[in-house]
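Chemist: Got a sequence here, can you model it:
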Amino acid sequence: MNRQIRVRFAGILCGLLLPWVAAAHDAVYYLDVHRAEEPVPMARLTLVNSGEWCLHWNHSVAGFLVRDCFSVEAGQLFLQRSHQPDFAAGLDHVPERGELRSDGQGGYIIDNINEPVSDNRLRLRVGSERVSHRIVNGRQTFNLSHYVAGERIELRLVSRP
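Modeler: Sure, this is the predicted structure:
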């Protein structure tokens, strides 16, 4: 094999292998949706964008959209930010828990909460279809209220098996 062919072959081989090597170092995380106390998940969502995802719902009293957003860092699930148009029933800012700022439309964003989620498990009683609890992950939306309204569930962070 002449030198030019070997260099070209090496370049092609690197181009094919590097994405696999890089992927081996990037952890892949899933969000498993479990009915309370059930060991087998009813759904598994692959987390995109470094494990960032949000839980959206319509406030049960005022009806406005509330968003809590999470991220994964070194295998730990963290609540990162919350967006709420109003501090209605049960919603508020706890001093020294994130940075409160206006969303520019009369609502509030709490950034940099950086609160670890205990045991990487988020427990939730899913609201009605009107409340519409849903997981938003990139372009993917999974409507929990459609499947398990009124039930207790647990969202569990798991890494690639």
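Chemist: which residues of this structure fall in strands?
Modeler: 29-35, 43-46, 53-58, 65-73, 76-84, 99-102, 108-111, 115-116, 121-125, 134-137, 140-143, 152-159 (DSSP state E).
Chemist: Select from these the stretch with the lowest mean pLDDT.
Modeler: Note on those: lowest mean pLDDT is at strand 99-102, with a mean of 85.
Chemist: Redo the strands of the chain as TSV? Include mean neighbour count.
Modeler: C-betas here are computed from N, CA, C, even on glycine. As requested, the strands of the chain are exported to TSV (neighbours: other Cβ atoms under 10 Å):
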stretch	mean neighbour count
strand 29-35	19
strand 43-46	15
strand 53-58	19
strand 65-73	18
strand 76-84	19
strand 99-102	11
strand 108-111	18
strand 115-116	12
strand 121-125	15
strand 134-137	18
strand 140-143	14
strand 152-159	18
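Chemist: which ones are touching the spatially most central residue of the chain?
Modeler: Note on the chain: the residue nearest the mean C-alpha position is residue 53, at 2.3 Å, using Cα atoms, centre = their mean. Residues near residue 53 by Cβ atoms under 8 Å, 6 or more residues apart in numbering: 31, 45, 47, 69, 70, 135, 136, 137.
Chemist: go on, residue 113?
Modeler: 78, 79, 80, 81, 82, 97, 98.
Chemist: coming back round to it: how far away is the residue nearest to the centre of the chain from residue 35?
Modeler: Applying Cβ to Cβ, to the nearest Å, the value for residue 53 to residue 35 is 20 Å.
Chemist: do residue 105 as well
Modeler: Distance from residue 105 to residue 35, by Cβ to Cβ: 36 Å.
Chemist: give me the beta-bridge partners of residue 159?
Modeler: Counting by DSSP bridges, residue 159 forms beta bridges with residue 29.
Chemist: Please name the residues that touch it.
Modeler: Residues in contact with residue 159 (Cβ under 8 Å, 6+ apart) are 27, 28, 29, 30, 75.
Chemist: Redo those residues as CSV? Include distance to residue 114.
Modeler: Below are those laid out as CSV (distance: Cβ to Cβ, whole Å):
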residue, distance to residue 114
27, 19
28, 23
29, 18
30, 22
75, 15
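Chemist: biggest separation within those, which pair?
Modeler: Largest separation among those by Cβ to Cβ: 30 and 75, giving 12.2 Å.
Chemist: Residues that sit against both of these two, list them.
Modeler: What both residue 30 and residue 75 touch, as defined by Cβ under 8 Å, 6+ apart, is the set 157, 159.
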